[in-house]
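1. please work out how this folds:
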Amino acid sequence: MTDAPLIAILEDEPDIRRIMSEVLEGAGFRTMGFSRATEFEAALRHITPDACLVDLGLPDRDGLALVHRLATESGAAIIIVSGRAQVQDRVTGLELGADDYIIKPFEPAELLARLRARLRRPTSQTRPDQRSQAQFADWVADFDRYLLTGPGGADTPISHAEAEVLRMFLDNPRRLISRAQMLEILGGAGGESFDRAMDVRISRLRSKLREDPKNPQLIKTIYGAGYIFLAEVRWS
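-> Next up is the predicted model:
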């Protein structure tokens, strides 16, 4: 099935890499496995994965630095799969742009469910034609290319994680969105790491939208309640 999502697996333990590949291929995904960051980065010149599963304990590269690069240069969903179980490790990974963080050892069913949640766009049920471009204020968001085009015509790339948050706001303009609703729409493990990741992604979106951090006009914080997106939105 050539149109099945392609999942890149960066894991230096061959048994774990094999298990991940077998589980995902059994569920209909295509996979490519890599044991080192160098060979993975070389392959990215020729392939465009839909999601990347990244271990942090790589023999030739800091996994967190790689996650940050993928988040800024790739439109792929990024899921860290690591034995590092400290809250700070999870928070740091999500702050650097990962979409989710799974702790080893993991249940294959959990890996599959979390991957599907990250690949499933939050608007797939409400907008079946999957319109990919939205206009608001003086901005254009292109979700196929993961780009924001500003008033002067300059393009600014956004990560997959930032795009999910922005799409959530654009699908719900002028409506208060609570933290609980954000978790329901975007998925994830919840808790402190989710809250911190959302704060970071919203802060980055505000920066890319050239918002005044002290008085943002597009994404407003309603303290104790959630967030609200104030602009009118036109999809095309």
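2. for stretch 114-134, measure first residue to last.
-> The separation between the terminal residues of stretch 114-134, taken as C-alpha to C-alpha, to the nearest Å, is 27 Å.
3. quick one: average pLDDT of that stretch?
-> Per-region confidence: stretch 114-134 scores 64 on mean pLDDT.
4. again, but for stretch 158-174
-> Model confidence over stretch 158-174 averages 90 on the pLDDT scale.
5. likewise stretch 209-220?
-> The predicted model gives stretch 209-220 an average pLDDT of 92.
6. what do you get for stretch 39-56?
-> 94.
7. burial of the nearest residue to L66 once chain neighbours are set aside, as a residue count?
-> Across the structure, with C-beta to C-beta, 6 or more residues apart in numbering as the measure, the residue nearest L66 apart from its sequence neighbours is A37 (5.5 Å). For every residue, glycine as well, the C-beta is placed using N, CA and C. Counted with other C-beta atoms under 10 Å, the neighbours of A37 add up to 21.
8. and A37, how far from A65?
-> Using C-beta to C-beta, to the nearest Å, one gets 9 Å for the distance from A37 to A65.
9. ok, I7 to C52 distance?
-> When distance is defined by C-beta to C-beta, I7 is 8 Å away from C52.
10. actually G224, not the one I wrote
-> Counting by C-beta to C-beta, the gap from G224 to C52 is 36 Å.
11. so which elements touch the helix or strand containing T72?
-> Using DSSP states H and E, T72 falls within helix 63-73. Helix 63-73 makes packing contacts with helix 37-43, strand 51-54, strand 77-82, helix 87-95 when contacts are defined by 3 or more C-beta pairs under 8 Å, 6 or more residues apart in numbering; DSSP states H and E.
12. run the last query once more with 10 Å
-> If contacts are counted by 3 or more C-beta pairs under 10 Å, 6 or more residues apart in numbering; DSSP states H and E, helix 63-73 sits against strand 6-10, helix 37-43, strand 51-54, strand 77-82, helix 87-95, strand 155-157, helix 160-171.
13. many thanks, I have nothing further to ask.
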